[in-house]
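Chemist: Sequence and predicted model, in that order:
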Amino acid sequence: MVKVLLDHNLPPALARSLNEIVSIEGHEARALRDLFEVNVSDVEYFNRLGARGSWIVISKDLKNSRKRAERAAILNNKIVAFYLSSSLQKKHITMQAAAILWHWPAMLQTKNLFEKGLFRLPENKGKFHPM
């Protein structure tokens, strides 16, 4: 079973909708604000997720992926993080949701192959780009 967390820059409704779909196969998707206080730091929530088992994080915060402390927290806690590409971030939320669903099987496969890592989620049906 894979657990997925969508961070604050994605709507909780997207996490709940994704949960309805992925829970059919025993996975779960949660919004960050449903698990942690609203003002939790990125490093803190990565550390707390690491203590809760194996997680995928989906985010739009590309700047976060470049910060040393945040990257270290992701990697140290064995999280696989997917960041929506810049072009995908400009699309309507329904297109972002469609891209996440389209890539879902590959995201699971990536999590099975890599216990940790940061990847860019493309707008199209292309491959993930390591970050």
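Modeler: That came through, no problem. Numbers count the residues shown, from 1 in each chain.
Chemist: Identify each buried residue in the helix or strand containing residue 102, please.
Modeler: Take DSSP states H and E as the rule and residue 102 turns out to sit in helix 93-113. For helix 93-113, burial by neighbour count (16 or more other Cβ atoms under 10 Å) applies to 96, 97, 99, 100, 103, 104, 107, 108, 110, 111. Every residue, glycine included, has its C-beta placed from N, CA and C.
Chemist: Can you list the neighbours in contact with it?
Modeler: By Cβ atoms under 8 Å, 6 or more residues apart in numbering, the surrounding residues in contact with helix 93-113 are 2, 10-11, 14, 17-18, 21-22, 27, 54, 56, 58, 80, 82, 84, 88-89, 91, 117, 119, 121-123, 125, 127-128.
Chemist: For the residue positioned nearest the centre of the chain, give me its contacts.
Modeler: In the chain, the residue lying closest to the centroid (Cα atoms, centre = their mean) is residue 58, at 1.7 Å. Listed by Cβ under 8 Å, 6+ apart, the contact partners of residue 58 are 4, 5, 6, 7, 10, 81, 82, 84, 100, 121.
Chemist: Show me the helices in the protein, by range?
Modeler: Assigned by DSSP state H, the chain shows helices spanning 12-22, 32-35, 42-50, 68-76, 86-89, 93-113.
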